[in-house]
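J.: coords please:
(2 chains)
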Amino acid sequence: MRYDSLLDSLGGTPLVGLPRLSPSPRVRLWAKLEDRNPTGSIKDRTAFFMIEQAEKDGLLSPGCTILEPTSGNTGISLAMVAKLRGYRMVCVMPENTSAERKQLLAMWGAEVHFSEAAGGSNEAVRVAKEMAVANPDWVMLYQYGNPANARAHYETTGPEILADLPEITHFVAGLGTTGTLMGVGRYLREHKPDVRIVAAEPRYGELVYGLRNLDEGFVPELYDESVLTTRFSVPSDAALKRTRELLDKEGIFAGVSTGGALHAALGMARKAEKAGERADIAFIIADAGWKYLSTGAYEGTLEEAEERLDGQLWA
Amino acid sequence: MAIEVRIPTILRNLTGDAKVVEGNGDTLGELFADLDARYPGIAERLVDGGKLRRFINVYLNDEDVRFVGGLDAKLSDGDNVTVLPAVAGGSR
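T.: Presented below is the predicted three-dimensional model:
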């Protein structure tokens, strides 16, 4: 397929069947490979839509500075789009983020400001908000509350899934900014009123909650619970186990948060199978495993990997 | 029929420090009543006025029971139930 530029190739990702993980020919799982985006994650859609909207609204013009609190994929995606469009990109991220992320952000030309590890991502949000006040000409796109984030999925991810899988019964994705679930969920519900929208939320151990205590109670402005049919809370060991299964049985090398979405998808598959219902369950592969190699998630026994992952944020 | 129940640290004083206990019941409410017979006081910490307490989260095979009927959620053999204190204010 030919495109005029990298950004023009955004989206249009494959939806692949998982014949070995699907319980039966009547209950099938489908994976949307969002790692096949320009920087390798679903966040490219969010970044592109947020920047385009800010340009339309006259908030951004070449030479402007974009500011975003992010420790992961959104920062990488924004840095790529910013580089191509001629903006300066400043990220605020917790100092305890993995080496790969720092390297990737630097590679696409972002400046990184570190916030204290103890406050987690909420501290990064707080520091970014302070920097925004001190630099009134900087533009903070703020993925947690920016409607263009959900709109990216309403206008692209949702229609792509429905076109490829008109018989869809369930849609499953990780719950972070909630943009994917809100956007795809609303689009699918308008066309298939009975579709079930399923969230997979990461559940960390007590150690991580200790580090993230400022995050407690944080509800993204985009979140609307009425869009969801149900919600799973996926412990680290289950997410890790499913990430390995996806690799072993279907050959897909995904990040650990995808294991969380697969866990919820398999939970819904099991329920459909038990009830004797037909099901076509689509879920999101948010990114590939490359950025998580240093966490040790893919090496040694599952128990060893679990121990290494204990205390780390995986979604 | 046996259901495996994971108990959070703050309630383990009621289960003799056991992290995982077993119970029976066709619904979550029945399971909690069954546990209370062996671990007196536990039901009161989980249920208030016939409903799940606000700051308690209960997961049935990792699915939030508030979306599948709350105390009326149907259980079957081999299911696992996880009880966790909600983070302040919850994320709801």
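J.: show me what from the stretch 151-300 of chain A comes close to chain B.
T.: A:201, A:203, A:206, A:209, A:216-219, A:225, A:228-235, A:238, A:263-264, A:267, A:270 (C-beta under 8 Å from any C-beta of the partner chain). Where C-beta positions appear, they are placed from N, C-alpha and C, glycine not excepted.
J.: where along chain B do the strands fall?
T.: According to DSSP state E, chain B carries its strands in the segments B:3-6, B:20-23, B:47-48, B:51-52, B:56-60, B:63-64, B:80-85.
J.: for the residue positioned nearest the centre of chain B, give its distance to B:Phe55.
T.: Compute the mean C-alpha point of chain B, and by C-alpha atoms, centre = their mean the closest residue is B:Val83, 5.0 Å away. Using C-beta to C-beta, to the nearest Å, one gets 11 Å for the distance from B:Val83 to B:Phe55.
J.: same question for A:Glu34.
T.: 35 Å.
J.: do you know how far A:Leu181 is from chain B?
T.: According to C-beta to the nearest C-beta, to the nearest Å, A:Leu181 stands 13 Å off from chain B.
J.: now that residue. Its backbone dihedrals?
T.: phi -70, psi -40 (degrees, to the nearest 10).
J.: and the helix of greatest length in chain B, what does it pack against?
T.: The helix that spans the most residues within chain B, counting by DSSP state H, is helix B:28-38. Judged by 3 or more C-beta pairs under 8 Å, 6 or more residues apart in numbering or on different chains; DSSP states H and E, helix B:28-38 is in contact with strand B:3-6, strand B:20-23, helix B:42-46.
J.: now it and strand B:80-85, what's the angle there?
T.: For helix B:28-38 against strand B:80-85, the angle by axes from the mean of the first three to the mean of the last three C-alpha atoms, to 10 degrees is 80 degrees.
J.: residues in contact with helix B:28-38?
T.: B:3, B:5, B:21, B:23-25, B:42-44, B:46-47, B:58, B:60, B:65, B:69-73, B:75, B:81 (C-beta atoms under 8 Å, 6 or more residues apart in numbering or on different chains).
J.: which of those residues are close to chain A?
T.: Counting by C-beta under 8 Å from any C-beta, no member of these is near chain A.
J.: contacting residues around B:Glu61?
T.: Just so we're on the same page, residue B:61 is Asn rather than Glu. A:267, A:270, B:79-80.
J.: can we see that at 6 Å?
T.: A:267, B:79 (C-beta atoms under 6 Å, 6 or more residues apart in numbering or on different chains).
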